[in-house]
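1. Have a look at this prediction, sequence included:
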Amino acid sequence: MSRSTILARSPARRPALSSSWIRWGGAAIAAALLAAPDARAGDPPNLVAKTISGPGQVEVDSKVLATVRIENLGGPLVGDYTAHVVLSQDLTIDLNDPIVATIEDDFIGPQSVLCTIPETLPDVKHVWGLVIEPAAGEVELSDNWGVGQFVDVIFVDLELEDPTPIEAFVRTTEDLLEPIPVRLVNVGTPESIVVFSTTLLSPAPWLEIDPPNSFAVGGQPGNDIFLQFDHSALATGTYSTTIRFQNIYHEADFVDLDVQLTVGPAFFVPGHRIYGQISHEGDIDELEFDAIEGMKLRLKIHNSTGTLSTKVTILDTEGKVELTKTFKHSKDDVKKTLKMKSSGRKLMRIESAKGYGQYAIKTQRKLPKQGKSHVVKLNGLGQNETYEAEVLLLPGAKLDFGADPNAKFTGQLELGLQGPAGQVYDMSGLSVDPQGGKSIEGLEFDDTMGSFRILVSGFGGGKKEKVKLRILPWQPGPAKGKIYLD
């Protein structure tokens, strides 16, 4: 019996006539079940691929229905036959073509078959084809294949035009943010259409998506989806969710976008892109960030809309101005570098130097030497001397460090670590290698930032003593994301 997926065919399998046979052509088809009407006893079967048809357009990695009609113009069929539905790029229909469905049955007549379109099928024009393998005793094989109509094979692939996570900031007393556009594109076959839905992977009553469903056409600009944030019922804090954009016909075709809303002071990490506008006199945007002394904050500001020339001021935690730079209105990006004078939490104030309009700021950083991995070579320190090496760390940093003495080292090497406020860290986790070197890995610093001191002591006093000090800080960031201000 059948091992294919057959969705519709004549309800009877033997030549007994009933009203249902009228749908498929009456007695002629009924007689063809076992043999042709004029077949003689002992004649071999003669299977004919009478018709094959299917949709005029199919998508790779999908399932579609095709209709086939197989007739027997010879003697009785003994056992099952095997037939294959194929998609061919030419009119030569054979088993070298990709097989999309297989029928193993003894049924003669029309039937519908569920076909699986391979993911690897080229997105070009094909034709439907039907190939019947020789049945038991069959001699005449010239009609064991058939060709159907042309079919366009397409593929769709849903993508975000910009997959960067979105971070929005708003103060509790401010108006709602302007809707933020997100664009979905179809990078599949030109003119193919993907219809997609949107789903929040975690509850977010503060976020509205408009429209919730849309489409994208291959080879054309995508359609914008707008994200509307409503912080009116939110307390100060950070809220996040993930939006899933999913092809409604293929669950495996989806893209996710992380979205975060912070109510309260805005905060950025160099690497973020910042979008805002200065629309009236006295309008000011402020963001906090963490810095270490000597860090260079690189800003690339785009002021092409309106007449805005942007003024950027860096202040310390006490409100003291450390740096001020003006970025003139220009159709091109204006780049400037601000070198931090001290370590700690900073405030970046954005306001108008002249005019009004929208701005876009791309932030980057360059860490000083003491904030990056480096090696210090120590030569012949005295017995009672302690070497101090500075390392500058941002909050959330991790620190690995170690010291390797040479063969002439006669003392007892000791390592220590002192924090910005003079706090001493436990070095009981030090590992010791057979050559007398010592190291520690994975020290974590959640909130503390600034200058740390690595202490090296225990020298024997010999002039040929040498120690190689390895300092490997792992700083957080740089960030990837977009920040939208009100």
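-> Right, received. Where do you want to start? For clarity, every value in this text was computed on a predicted model and none was experimentally measured.
2. all strands for the stretch 151-300 of the chain, in order.
-> 158-160, 166-170, 180-186, 193-200, 207-210, 213-217, 223-229, 237-247, 254-263, 266-267, 273-278, 285-291, 296-302 (DSSP state E, counting those that start in this stretch).
3. How many neighbouring residues does residue 474 have?
-> As a burial measure, residue 474 scores 14 neighbours (other C-beta atoms under 10 Å). Just so you know, the C-beta spots here come from the backbone N, C-alpha and C atoms, and that holds for glycine as well.
4. how close does it sit to residue 391?
-> Distance of residue 474 to residue 391, computed by C-beta to C-beta, to the nearest Å: 11 Å.
5. Now for those two: what residues contact both?
-> residue 399 (C-beta atoms under 8 Å, 6 or more residues apart in numbering).
6. can you list the weak-confidence ranges in this structure?
-> Residue ranges of the chain with pLDDT under 70: 1-39, 41, 173, 486.
7. again, only using 50
-> Low-confidence segments of the chain, defined by pLDDT under 50: 1-33.
8. Just give me how far the helix or strand that contains residue 312 sits from the chain centre.
-> Per DSSP states H and E, residue 312 falls inside strand 309-315. Relative to the centre of its chain, strand 309-315 is centred 34 Å away, using C-alpha atoms, centre = their mean, to the nearest Å.
9. residues in contact with that strand?
-> 278, 297, 299, 301, 303, 321-329, 338, 340, 346-355, 359.
10. Follow the chain on from that strand and name the next helix or strand.
-> Past strand 309-315, the next helix or strand by DSSP H and E is strand 321-327.
11. so what strands line up beside the strand holding residue 312?
-> Here strand 309-315 is paired, per DSSP bridges, with strand 321-327 (antiparallel), strand 344-354 (antiparallel).
12. Out of those, which is closest to residue 54?
-> strand 344-354 (59.9 Å; C-beta to C-beta).
13. Okay, buried residues for that closest one please.
-> 346-348, 350-353 (16 or more other C-beta atoms under 10 Å).
14. Pick out the most distant pair among those.
-> 346 and 352 (20.7 Å).
15. For the buried residues of strand 344-354, give me TSV that also has distance to residue 408.
-> Shown next, in TSV, are these (distance: C-beta to C-beta, whole Å):
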residue	distance to residue 408
346	46
347	52
348	51
350	57
351	61
352	65
353	61
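16. Tell me the one of those nearest residue 55?
-> For these, the residue nearest residue 55 by C-beta to C-beta is residue 350; the value is 55.7 Å.
17. you'd agree that closest one is up against residue 277?
-> No - Residue 350 is not in contact with residue 277 according to C-beta atoms under 8 Å; the separation is 9.9 Å.
18. Common neighbours of the two, please.
-> residue 359.
19. tell me the domain boundaries of the protein?
-> For the chain, the structural domains run 6-154, 158-264, 267-366, 370-474, going by automatic domain parsing.
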